[in-house]
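> dropping the sequence and predicted coords here.
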Amino acid sequence: MMNWLRANGEALQGIGSILTAFLALLALVGVKIQVDAQAKVASAQAAREIYREFLTLSVAHPDLADPGDCPAFSDKGAVEYAFYFEHMLYTAEEVIAADATWSESFDHIFENHGANLCETKDWAGYTPAVQALIARVSLDICPRREACPDDE
């Protein structure tokens with residue numbers, strides 16, 4: 001047995017080096033998988049937190065959450081609504097980026113904002129997922145939406 005080890009020592013050392021390198025590579029792959037999983041969990045948690053914040057804002061300001069078919073805001077109210085609407089779009093972007101299955105959850109939320117969705121034509125600054133959501137909701141609500149007195 002000792003003679004065999006002496007005769008094959010270099011080969012065994014080479015195999016040991018290759019095995020060590022392979023195990024190191026597996027460890028790196030394992031670390032990458034773990035980091036990616038942590039990033040996904042963190043992204044999902046951040047999306048839930050943003051959505052929770054949006055719901056809190058909506059409950060605190062129901063006039064902004066559902067402004068009606070023809071909203072008539074004061075100057076201050078119009079500014080508040082513009083920021084609310086932008087926050088709604090940001091929330092949709094972040095949540096859908098974390099989990100695309102949430103897209104349909106925003107349909108009803110977006111339907112409450114038909115006046116703004118149907119009057120705005122350029123959504124280029126938003127993610128493709130949010131653009132698709134806006135297009136889907138707009139196709140449903142814009143054809144049946146009656147014009148507001150100031151739209152004419």
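Cool, got the structure.

> per-residue pLDDT, Gly68?
We note a pLDDT of 88 for Gly68 in this prediction.

> and the one 4 residues further on, by the same measure?
Residue-level confidence at Ala72 comes out at 87, pLDDT.

> any idea how far Ile109 is from Val139?
For the record, residue 139 is Leu, not Val. Using Cβ to Cβ, to the nearest Å, we find Leu139 at a distance of 16 Å from Ile109. No exception for glycine: its C-beta is placed from N, CA and C like everyone else's.

> my bad, Thr101
Taking Cβ to Cβ, one finds Thr101 at 15 Å from Ile109.

> so which of Leu139 and Ile109 has more stuff around it?
Higher neighbour count among Leu139 and Ile109: Ile109, with 18 against 9, using other Cβ atoms under 10 Å.

> if I read this right, the more buried one contacts Met88, doesn't it?
Yes. The pair Ile109 and Met88 passes the contact test of Cβ atoms under 8 Å, sitting 6.7 Å apart.

> which regions of the chain sit below the pLDDT cut-off?
5, 150-152 (pLDDT under 70).

> repeat the analysis, applying 50 as the threshold.
152 (pLDDT under 50).
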